[in-house]
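Colleague: sequence first, then the predicted structure, then my questions.
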Amino acid sequence: MLSFSLRRTLLAIPLLLGVATLVFFVLSLAPGDAASIYLRPGMTPETLEHIRRSMGLDDPLLIRYGRWLLAFLQGDFGYSHFYQMPVRDRILAALPNTLILASGALFFAFLIGILVGVLQAVKEGSFLDSVLSGVTLFFYSMPSFWLALMLILFFSLSAMKLWNWPFSFPVSGIQSPGADLLAPWDQFRDRIHHLVLPTLTLTLILAGGVARYVRTSMLDVIRQDYIRTARAKGLPETRVIMKHGLRNGLIPVVTLFGVYFPFLLSGTVLIEYVFAWPGMGQLMVESILRKDLPVVLAGTFLFGGMVVLGNLLADLLYGVVDPRIRQSDG
Amino acid sequence: MSLLEIQKLRTHIRTAGDDARAVDGVDLLLEEGESVGLVGESGSGKTLLALSILGLLPEGGGAILPGSSIRFRGEELVGMGGKRLREIRGGEVAMIFQEPMTSLNPVFSVGNQILEAVELHRPLNRDAAKEEMLRLLGEVGIPDPEARAGDYPHQLSGGMRQRAMIAMALAGEPSLLLADEPTTALDVTVEAQILQLLKRVQARMGMGLLLISHDLNVVSRVCDRILILYGGKVVEAGPTQKILDAPIHPYTRGLMGSRLSFDDRRRTLRPIPGEVPEATDWPRGCRFHPRCPEVMDRCRREEPRLLPGTERKGAVEVQGGAPGGGRDVRCWLLAGEEGGA
Ligand SMILES: Nc1ncnc2c1ncn2[C@@H]1O[C@H](COP(=O)(O)OP(=O)(O)OP(=O)(O)O)[C@@H](O)[C@H]1O
Ligand SMILES: [Mg+2]
């Protein structure tokens, strides 16, 4: 099992390079290029041409590709002309913001999703089950940007004033202007406040899917003979469900975890955009719009890598939760 | 006071149409240390009867009807819930199931699952409980308990899994064991070993045993008394030897005809024609009449009562009424005019 997963992971590397290559050619063939970053009013075409030449943008496509690939294989992601810094540094600046948003959201999404799903399965067919099914379907099928806008509408400062809410949350950025001057504790609180709405949006969207998945899985599990055995033993119902049921019910959920895992890096583009969250999603969108090719290529490769890593992680987790897979090694 | 006393048990299952009257007025008495067999074809209500005792009926669907009574050492189990019921489950009345493949949890080791039962019902510390778990594995004949305790169910053969199930059932030192077709999923040699094992632990622990099977042969090897179940009702009951020597009810005789044992392989196999009807629509009159080779007019109209019966004399002629040998039969062949319901 393990060797199979590793082989699959190694095979993914050429695939990822292929994807990056494809992106390279598609973006290169589109009109316009990164030199337009330096475009100023009153600039002569000769000056622009000079800039293009100095950026190496006038070389033939294949030469440019070869140059990029060679550097890339050596771990050099290139230089971003728009941000005026190495791509690596730019990505490392955006990454923590995305990680903190997405990891929080993933954690809460699985926590809430699992609890809601289990509760629904145990109370199958009840009024509570129907209500929760409606709610999870609502969040599951809702466009993330729309939910983000709704939350802004309801929890922003103006909403607080309008409806006399006891609280409000900031709706853009990772901290308030001038937050650097605050005491460490207040600075921390300010950060947390900024995290609330984006995290809530992503959590609700993901939790809806998790809950629906867990409900289906648990409904199947609690009809199994071993659940009856656990009851016949004299175990309290909570132990029956949370030990004997959940441990089996979570096996298929591992797949879902593998699918959601890449969000850790990519964030979700739309949510980061709406909340002006300076993370990977926003960085990617801006870089595509500005034709900042090296950033897009590095990002593509990283996102692809996360998908592969998510799969590998799911495979490993399967082994952890299901002894039948663990022992079929070799 | 009997160990188990079931009176007028009716367990029905709600379905989209008519209710399935799966268990429909069963009386059963089981004394301390006694072994009683419950025999009937598939669909006769055996499993639901056993599940009713421990309140394990399928959620939402199954219900024990008012008027039914199941008393364990005098304590009413119908309607019981909460802590006392959990103490009884596994602690005083344990159950083992038909399918050793699916009845053990696939993600926990067998040692873990047995240990869980020990810790639940015995006042032992962690180490002593572990010791006891290993002893139980040894007791049920699993070789090298220390190594096997860490095995997961899928690593064990069917026979070994059923032994592990039995170990789990014995963990709480129950005084009554309900065994629902414990050997049906196993092959013949393993079946013999498991029956041997059940008999041995039953004798050693002085447990009562309710052994359920569709196979008269299996039950007769272990049990003191036998109840024959058809259509959710007892059609014949009595001491094992008497039933084997002289079955009265045509259904019992049918079961004997369709049983195949080591010592009468010469006999041709004669299965009972037809099959058990759905529990949602039992036939009018005697529930067995559509399949009965000795059916009479009356059987189609009226349902016979369970009456004390005597030995069967001759081919058809049967004397009814007089109590004999603790035997009960539900058949018009047996009753005179006075036997009507
Ligand atoms: N969950 C259920 N829903 C509807 N009907 C059911 C359900 N469980 C059992 N029944 C019906 O109740 C009757 C008795 O079932 P039961 O399982 O007790 O039979 P059994 O004697 O144990 O048979 P087997 O030898 O196949 O185990 C059958 O007619 C069956 O169709
Ligand atoms: Mg059954």
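Modeller: Received, thanks. Ligands and ions are numbered 1, 2, ... in the order given.
Colleague: any figure for the gap between the nearest residue to residue B:296 once chain neighbours are set aside and residue A:62?
Modeller: Ranked by Cβ to Cβ, 6 or more residues apart in numbering or on different chains and with sequence neighbours excluded, the top spatial neighbour of residue B:296 is residue B:332, at 6.0 Å. In short, each C-beta sits where N, CA and C put it, glycine included. Residue B:332 sits 98 Å away from residue A:62 when distances are taken as Cβ to Cβ, to the nearest Å.
Colleague: tell me the secondary structure at the residue nearest to residue B:296.
Modeller: When the structure is reduced to helix, strand and coil (DSSP: H, G, I helix; E, B strand; the rest coil), residue B:332 reads as coil.
Colleague: so how many other residues sit close to it?
Modeller: By other Cβ atoms under 10 Å in any protein chain shown, the residues close to residue B:332 number 25.
Colleague: same check on residue B:193?
Modeller: 15.
Colleague: report pLDDT for it.
Modeller: For residue B:193, the pLDDT comes out at 91.
Colleague: after the helix or strand that residue A:227 is a member of comes which helix or strand?
Modeller: Element membership for residue A:227, per DSSP states H and E: helix A:225-232. As assigned by DSSP H and E, the chain's next helix or strand after helix A:225-232 is helix A:237-239.
Colleague: helix or strand next in line after that following helix, which one?
Modeller: That would be, after helix A:237-239 and using DSSP H and E, helix A:246-249.
Colleague: residues contacting that following helix, please?
Modeller: Outside helix A:246-249, the residues within contact range by Cβ atoms under 8 Å, 6 or more residues apart in numbering or on different chains are A:114, A:118, A:121, A:214, A:217-218, A:220-221, A:224, A:226, A:321, B:105-108.
Colleague: give me the longest helix you can find in the chain.
Modeller: Looking at chain A here, since you left the chain open. Scanning chain A for the helix with the most residues, using DSSP state H, yields helix A:184-221.
Colleague: my question was about chain B
Modeller: Ranked by number of residues, the top helix in chain B under DSSP H is helix B:188-205.
Colleague: which strands border the host helix or strand of residue B:211, and is each parallel or antiparallel?
Modeller: Under the criterion DSSP H and E, the helix or strand holding residue B:211 is strand B:208-213. Paired with strand B:208-213 in the same sheet, following DSSP bridges, are strand B:35-39 (parallel), strand B:176-180 (parallel).
Colleague: and that strand, what's buried?
Modeller: Along strand B:208-213, the positions that meet the burial threshold by neighbour count (16 or more other Cβ atoms under 10 Å in any protein chain shown) are B:208, B:209, B:210, B:211, B:212, B:213.
Colleague: looking at the residues you listed, spot the one nearest ligand 1.
Modeller: Ranking these by separation from ligand 1, with Cβ to the nearest ligand atom as the measure, puts residue B:212 on top at 7.2 Å.
Colleague: how far away is that closest one from residue A:55?
Modeller: Where residue A:55 is concerned, residue B:212 sits at a distance of 84 Å (Cβ to Cβ).
Colleague: on the three-state scheme, residue B:16 is what?
Modeller: For residue B:16, the reduced secondary structure class is coil; criterion used: three-state DSSP.
Colleague: in the stretch 201-330 of chain A, which residue sits closest to ligand 1?
Modeller: For the stretch 201-330 of chain A, Cβ to the nearest ligand atom, closest residue to ligand 1: residue A:223, 9.8 Å.
Colleague: any idea of the pLDDT on that residue?
Modeller: You'll see residue A:223 listed with a pLDDT of 92.
Colleague: and it, how many neighbours?
Modeller: Here the count is done by other Cβ under 10 Å, and residue A:223 has 12 residues near it.
Colleague: any idea how far chain B is from it?
Modeller: From residue A:223 across to chain B, the span is 8 Å (Cβ to the nearest Cβ, to the nearest Å).
Colleague: also residue A:111?
Modeller: Distance of residue A:111 to chain B, given as Cβ to the nearest Cβ: 21 Å.
Colleague: alright, I will stop here.
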